[in-house]
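[1] Predicted model, plus sequence, below.
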Amino acid sequence: MRNFLILSLILSALLLASCKKESNKTGELKPVQLTEKQKLIIDQSNTFGFDFFRKSYALSTGQSNLMVSPLSVSMAFGMVRNGASGLTLQEINHALGMDSMSNSEINESYKYIMETFSSLDPGVKMEIANSIWYRNTFNVEKDFVNTNTEYFNSEVTPLDFNSTEAVSTINSWVSAHTNQLIPKIINQIPSDMVMYLINAIYFKGQWRDQFDKKNTLDKPFKLEDGSTKNCPMMARHSTIAYFEGDGFEAIELPYSQGNFNMVVMLPGEGKSVSDIVNQLSSEKWSNWYQRFLSTDVHLLLPRFTFSFDEKGMKQIMADMGMQSAFNPDLADFTRINKEGSLYISEVKHKTFIETNEEGTEAAAVTSIGVGVTSVPVTKDFIVDKPFVFFIHERTSGTILFIGTVKDPTLTE
């Protein structure tokens, strides 16, 4: 099989897709109504998402699969930015692509995404949860708590970090809000840690047109090193959205009523996943998406299940301009605690995805630890090589997940 890129773009519901409204078996596509300011925020969030994904991909090695959730990362930093001031706040806003927006505009937009996506499609389970855990001997500014409670619906809990139950308490929350797909996010609590800000996203959607399990057969998948592996290949012949770009072709597979979709991008002959990743941008994606056309397609798509743990989060975010937040001497989080001496000491990001004949189940968790220191023709779309994928909400343009599959037989 050829390499493919499955961009899980549930981070920026496609603003330009509302013109493609169509009926389906489970209901009508429901357009997301956005103000001009919200459209701008979505576009800039997508820019952040593609930049973040490219940097994560650059750190990956070998045949490993990769998936990140830009929405989860953005939302976690959206919470922490409410405790930042001065240069630290400016750098966080810049990294997230939100330089030109006020605090209230940013917070209102996150709140709108949470409230809208959770009820957008009754056939898709989409849950976004936030929590803040702080050492019970640590004083937290009331405005910081109130703001994150109001706009992020954050569960704020003082906790004895020295207790033997503290780690399991936090991990139990993570597990519960990812349907046990991500059972834990922390292994221990360092002595200088005073706060964790955690975002969790859970997604489960059934294909609008499911694959018949009787048609799934083991077929070869071509790895990037030229070798092949057999894997279960799902088969379907139907009319779906298709686009052929410069060095790649792509399809869009809708879930339920069509708001949430998976896009699969397959490199052309002589091209690789890296060639697609290097092209990705919010501007190009918007242009490409307008050119998808309903096409008769014979599709072969591998089943795949894997987890991913991005261990280079601090490096990625620093490379995107967020530097002072990680520096104990420069960080300014006086809106968390007016005494200062706080900085971001760790950032963790874990994801999970399973795609089969019925649909997709995916989850993501981002944890930020705050320390103190001082055309209509039949096409064959054979996904038998590494590919890019993403899951997105089509009417707003929001990207939820984005990743690559280089070996569908690997589970992590």
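    Okay, I see it. Numbering: from 1, shown residues only.
[2] can you tell me the average pLDDT over the longest helix along the chain?
    Secondary structure assigned by DSSP state H gives helix 36-59 as the longest helix of the chain. Computed over helix 36-59, the mean pLDDT rounds to 85.
[3] Residues contacting the helix or strand following that helix, please?
    Proceeding C-terminally, helix 36-59 gives way to strand 66-68 as the next helix or strand, assigned by DSSP states H and E. Where contact means C-beta atoms under 8 Å, 6 or more residues apart in numbering, the residues beyond strand 66-68 that reach it are 6, 8, 52-53, 56-57, 60, 306, 308, 310, 349, 351, 353, 362, 364, 389, 401-404. C-beta: built from backbone N, CA, C; applies to glycine.
[4] Now, those that are in strands?
    Among the contacts of strand 66-68, the members falling in strands (DSSP state E) are 6, 306, 308, 310, 349, 351, 353, 362, 364, 389, 401-404.
[5] and stretch 366-383, average pLDDT?
    For stretch 366-383, the mean per-residue pLDDT is 77.
[6] which residues touch Ala250?
    Under the criterion of C-beta under 8 Å, 6+ apart, the contact list for Ala250 reads Tyr242, Phe243, Glu244, Val263, Val264, Met265, Leu266, Trp288, Phe292.
[7] hmm, try it at 10 Å
    4-5, 7, 241-244, 263-266, 276, 288-289, 291-292, 381, 387-389 (C-beta atoms under 10 Å, 6 or more residues apart in numbering).
[8] Same question for Tyr110.
    When contacts are counted by C-beta under 10 Å, 6+ apart, Tyr110 touches 41, 45, 71, 74-75, 78-79, 128, 130, 148, 151-153.
[9] Which residues belonging to the longest strand that the chain contains are considered buried?
    Under DSSP E, the strand in the chain containing the largest number of residues is strand 228-245. In terms of neighbour count (16 or more other C-beta atoms under 10 Å), strand 228-245 has its buried residues at Lys229, Cys231, Pro232, Met233, Met234, Ala235, Arg236, Ile240, Ala241, Tyr242, Phe243, Glu244.
[10] which among the contacts of Tyr110 gets closest to Leu301?
    Closest approach between the contacts of Tyr110 and Leu301, by C-beta to C-beta: Leu71, at 23.8 Å.
[11] Quick check: mean pLDDT of whatever helix or strand that closest one lives in?
    Under the criterion DSSP H and E, the helix or strand holding Leu71 is helix 70-80. Averaging pLDDT along helix 70-80 gives 94.
[12] helices or strands up against the following helix or strand past that helix?
    Along the chain past helix 70-80, the next helix or strand (assigned with DSSP H and E) turns out to be helix 86-96. Under the contact definition 3 or more C-beta pairs under 10 Å, 6 or more residues apart in numbering; DSSP states H and E, helix 86-96 sits against helix 36-59, helix 70-80, helix 103-117, helix 313-319, strand 342-355.
[13] what's the most buried one of these?
    When you average the neighbours per residue for each of the helices and strands packed on helix 86-96 (mean count of other C-beta atoms under 10 Å), helix 70-80 leads with a mean of 27.
[14] Just want the angle from that helix to helix 103-117.
    Using axes from the mean of the first three to the mean of the last three C-alpha atoms, to 10 degrees, the interaxial angle of helix 70-80 with respect to helix 103-117 works out to 140 degrees.
[15] please begin residue numbering at 14 from this point
    All set: I'll call the first residue 14, so the last point we hit is now helix 83-93.
[16] Helix 83-93 vs strand 355-368, what angle?
    Relative orientation of helix 83-93 versus strand 355-368 (the same axes, to 10 degrees): 160 degrees.
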